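Asks: mind looking at a prediction? Sequence and model below.
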Amino acid sequence: MNDPHNIQARALLDLCAGILRNNGLTDRDAHIVANSLVDADLRGVSSHGVLRMETYLQRLNNRVMNATPEVKVFNETAATAVLDGDNGFGQVVSQRAVDVLLAKTKDTPIAAVSVRNSNHFGAAAYWAAQLAEQDLIGVAVSNVEPLMPPPGGAEARIGNNPLSVVVPAQTHRPIVVDMATSVVPLGKILNAKSKGEPIPEGWGLDSDGKPTTVPDEVINGGSLFPVGGPKGYGLAVIVEVLSALLSGGEFGTDIHSMYQELESPNRISHFFMAIKISAFLDPQIFKTSVDRYIDQIKSSPLAPGNDAIYMPGEIELKAKDTNMANGISLPPSVAAGLLTLAKKADVSEELIRSL
């Protein structure tokens, strides 16, 4: 294996797609999943990157994920639809949902698609950004298994349900809000574990409800802090309503843990919405206004110790530029895990050598 710390994005994409394809996914679906993971690593959101591959394949091999789902549309109107993901990869199901949503926005100013019976869909911004590229304001949210206690509670009862909103601009980069409703997503805990690092205080609790800096104590029966206390808790509740309750999907303690219950279906839900800018205002006028708005914010005098003002998502987009040029740095444990998966999947030696 070559330098395990750096790999070009294209090579990493081909490697992951090859592993997934040789585990039963179609070539198209393998690339959909791999591309979402590599895009997260490119943006420096490694918590949602290729480190997820091992868990995905464990669940697939345990037959609690479907490599070739038959995604069905229910309760469809001109502006809405409910999809059943047939327990497929979350990325595969979400791409179908986004495609349905894009088709609906040709004839309606606001459209929404809810999804049930799916799996982890990667970083939420990946889906909202696809909508923003079509002069839409894109919204993507998902519920997950319980990872946070409600305020006043001692045990996890609600997921750190993520949400993303992406707004296109004219000359500036888009505004990208992509956040878990916990202080940090579970993936950051997993990322710290993969590097053998402790986590900062205030990120998580152990199984007794005590603050901890040990990643394993959060992962194995612990929980996460809601961001902003009751405010993050409130956001998580609304995300669960939009994704799970609106689609007829599973919610709360009925959802199985992606990491601790590897032999049980995850069955999480998503919600996607698109707002057609042209239904309100000429898109060029709108995006020019977004540019002016960004300029106003970024022209703020700097507080002591700071060298720049960043818009939401700007740091990640800058990281993507850098990593596209220089390659993606992977922790040795993640690179070694991919190597094991690649050999087990019998992918080509050429792809293996890219590691």
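Replies: Arrived safely.
Asks: mind listing what's buried in stretch 103-117?
Replies: Buried residues in stretch 103-117, counting neighbours by 16 or more other CB atoms under 10 Å, are found at 104-105, 110-117. Using the backbone N, CA and C atoms, a C-beta is placed for each residue, glycine as well.
Asks: what about that stretch, distance to the chain center?
Replies: 20 Å (CA atoms, centre = their mean, to the nearest Å).
Asks: name the nearest of the buried residues of stretch 103-117 relative to residue 187.
Replies: Nearest to residue 187 among the buried residues of stretch 103-117, counting by CB to CB, is residue 115 at 20.4 Å.
Asks: any idea what that closest one is bridged to?
Replies: Residue 115 forms beta bridges with residue 83, residue 270, as assigned by DSSP bridges.
Asks: which residues does it contact?
Replies: Contacts for residue 115 were tallied using CB atoms under 8 Å, 6 or more residues apart in numbering; they are 82-85, 93-94, 97, 243, 247, 249, 269-272.
Asks: buried subset of those as a PyMOL selection?
Replies: Buried residues among those (16+ other CB under 10 Å), as a PyMOL selection:
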select buried, resi 82+83+84+85+93+94+97+243+247+249+269+270+271+272
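Asks: using a markdown table, lay out the contacts of residue 115 together with pLDDT and distance to residue 153.
Replies: Converted to a markdown table, the contacts of residue 115 look like this (pLDDT from 0 to 100; distance: CB to CB, whole Å):
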| residue | pLDDT | distance to residue 153 |
| --- | --- | --- |
| 82 | 98 | 31 |
| 83 | 98 | 32 |
| 84 | 98 | 31 |
| 85 | 98 | 30 |
| 93 | 98 | 31 |
| 94 | 98 | 30 |
| 97 | 98 | 32 |
| 243 | 98 | 21 |
| 247 | 98 | 25 |
| 249 | 98 | 23 |
| 269 | 98 | 22 |
| 270 | 98 | 25 |
| 271 | 98 | 25 |
| 272 | 98 | 30 |
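Asks: make a markdown table out of the contacts of residue 115 and add distance to residue 201.
Replies: Below are the contacts of residue 115 laid out as a markdown table (distance: CB to CB, whole Å):
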| residue | distance to residue 201 |
| --- | --- |
| 82 | 42 |
| 83 | 41 |
| 84 | 42 |
| 85 | 37 |
| 93 | 37 |
| 94 | 34 |
| 97 | 38 |
| 243 | 31 |
| 247 | 37 |
| 249 | 35 |
| 269 | 32 |
| 270 | 32 |
| 271 | 33 |
| 272 | 35 |
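Asks: filter the buried residues of stretch 103-117 down to just the ones in helices.
Replies: Using DSSP state H, the members of these that fall in helices are residue 104.
Asks: closest to residue 162 among the buried residues of stretch 103-117?
Replies: Looking across the buried residues of stretch 103-117 and measuring by CB to CB, the closest to residue 162 is residue 115, at 14.0 Å.
Asks: for residue 193, see how far away the closest one is.
Replies: As judged by CB to CB, to the nearest Å, residue 115 and residue 193 stand 29 Å apart.
Asks: pLDDT at residue 321, what is it?
Replies: Looking at residue 321, its pLDDT is 97.
Asks: and the closest residue to residue 64 other than its chain neighbours, how many neighbours?
Replies: Nearest residue to residue 64, sequence neighbours excluded (CB to CB, 6 or more residues apart in numbering): residue 265, at 4.8 Å. Residues lying near residue 265 (other CB atoms under 10 Å) number 19.
Asks: for residue 265, list the residues it contacts.
Replies: 64-65, 87, 256.
Asks: next: residue 290.
Replies: Taking CB under 8 Å, 6+ apart, we find residue 290 in contact with 167-170, 172, 175.
Asks: doesn't residue 225 make contact with residue 180?
Replies: No: counting by CB atoms under 8 Å, residue 180 does not reach residue 225; the two are 10.7 Å apart.
Asks: which of those two has more neighbours?
Replies: residue 180 (28 against 18).
Asks: check which helix or strand covers residue 60.
Replies: Using DSSP states H and E, residue 60 sits in helix 53-61.
Asks: what does residue 32 give?
Replies: Element membership of residue 32, judged by DSSP H and E, is helix 27-42.
Asks: give the buried residues for that helix.
Replies: 29-42.
Asks: show me which pair in these is furthest apart.
Replies: Within the buried residues of helix 27-42, 29 and 42 form the most distant pair, 20.3 Å apart (CB to CB).
Asks: which regions of this structure sit below the pLDDT cut-off?
Replies: Scanning the chain for pLDDT under 70 picks out the ranges 1-5.
Asks: ranges for the strands of it?
Replies: Counting by DSSP state E, the chain has strands at residues 72-74, 80-84, 110-118, 136-142, 163-167, 175-179, 204-205, 211-212, 223-224, 268-276.
Asks: need these in TSV (columns: distance to residue 347).
Replies: Below are those laid out as TSV (distance: least, CB to CB, whole Å):
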stretch	distance to residue 347
strand 72-74	32
strand 80-84	31
strand 110-118	26
strand 136-142	30
strand 163-167	31
strand 175-179	31
strand 204-205	35
strand 211-212	38
strand 223-224	35
strand 268-276	29
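Asks: nearest approach to residue 354 belongs to which of those strands?
Replies: Nearest of these to residue 354, taken as CB to CB: strand 175-179 at 27.9 Å.
Asks: list the neighbouring strands of the closest one plus their orientation.
Replies: When DSSP bridges is applied, strand 175-179 pairs with strand 163-167 (antiparallel).
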